[in-house]
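**Q** Based on what follows, work out the 3D shape:
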Amino acid sequence: MKKKLLSLLLILCLTALPIAGASAAYAPKYTVYADTLFGLGLFQGDGIAPDGTPSYRLGDGMTRAECIVMLLRLLGEEDAALAADCAAPFRDMTGHWAIRYVSYAYEKGYTSGTGADTFSPDDKASAKMYLTFLLRALGYNDKAGDFSYAAAYEKAAELGVCP
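**A** All right, here's what the predicted structure looks like:
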């Protein structure tokens, strides 16, 4: 449990910076957070740099697909997602590298997409999007009125997930 809580805090630190301030210049000091997440198996980066260290692209911000993958890793559900035979209505996921993750997340209720038949996997994610995925994974239902997308920050703060 402590590992999951630490992981959640690190993910929020890592994701809030590039998502909230995507136009800000990347500061190498955040690599320590990425390295910690990498060591926990929650963040794989995008390959290996010439010096043999993981490459993260921290200044790029996260995509919606990357947010779902990190969330499923945080929850310990990556293997289940990869093994599941789930279907989602998202036409823009056909052939996408994250199709199994997103389909699983859709079936679990963690995402409802950006439209009736779209997920927009390569769009940049906002912190509000990530918090919405996270709140749904924690069992809160925006469709039932537990929170709203517009007030995802407030609900997360109320729960102590973020300030």
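**Q** Can you pull out the low-pLDDT segments for the protein?
**A** 1-28 (pLDDT under 70).
**Q** residues touching the residue positioned nearest the centre of it, list them.
**A** Nearest residue to the geometric centre of the chain (Cα atoms, centre = their mean): residue 67, 2.0 Å. When contacts are counted by Cβ atoms under 8 Å, 6 or more residues apart in numbering, residue 67 touches 15, 125, 129-130, 133. In short, each C-beta sits where N, CA and C put it, glycine included.
**Q** Let me know the closest of those residues to residue 148.
**A** Distance to residue 148 across those (Cβ to Cβ) is lowest for residue 129, with 13.2 Å.
**Q** Need the nearest residue in space to residue 69, chain neighbours excluded.
**A** Among residues not flanking residue 69 along the chain, residue 101 sits closest, at 5.0 Å (Cβ to Cβ, 6 or more residues apart in numbering).
**Q** Can you tell me how far the one you found is from residue 152?
**A** 21 Å (Cβ to Cβ, to the nearest Å).
**Q** Looking at the two, which one has more neighbours?
**A** residue 101 (28 against 25; other Cβ atoms under 10 Å).
**Q** Does that one touch residue 72 like I think?
**A** Yes. Counting by Cβ atoms under 8 Å, residue 101 touches residue 72, with 5.7 Å between them.
**Q** list the residues that contact both of those two?
**A** In contact with both residue 101 and residue 72: 78, 81, using Cβ under 8 Å, 6+ apart.
**Q** What separation is there between the residue lying farthest from the centre of the chain and residue 39?
**A** Distance from the centre of the chain peaks at residue 51, with 27.4 Å (Cα atoms, centre = their mean). For residue 51, the distance to residue 39 equals 17 Å [Cβ to Cβ].
**Q** got it, and residue 127?
**A** 23 Å.
**Q** out of the two, which sits in the more crowded spot?
**A** Remark: of residue 127 and residue 39, residue 127 carries more neighbours, 21 against 10, as counted by other Cβ under 10 Å.
**Q** Good, wrapping up.
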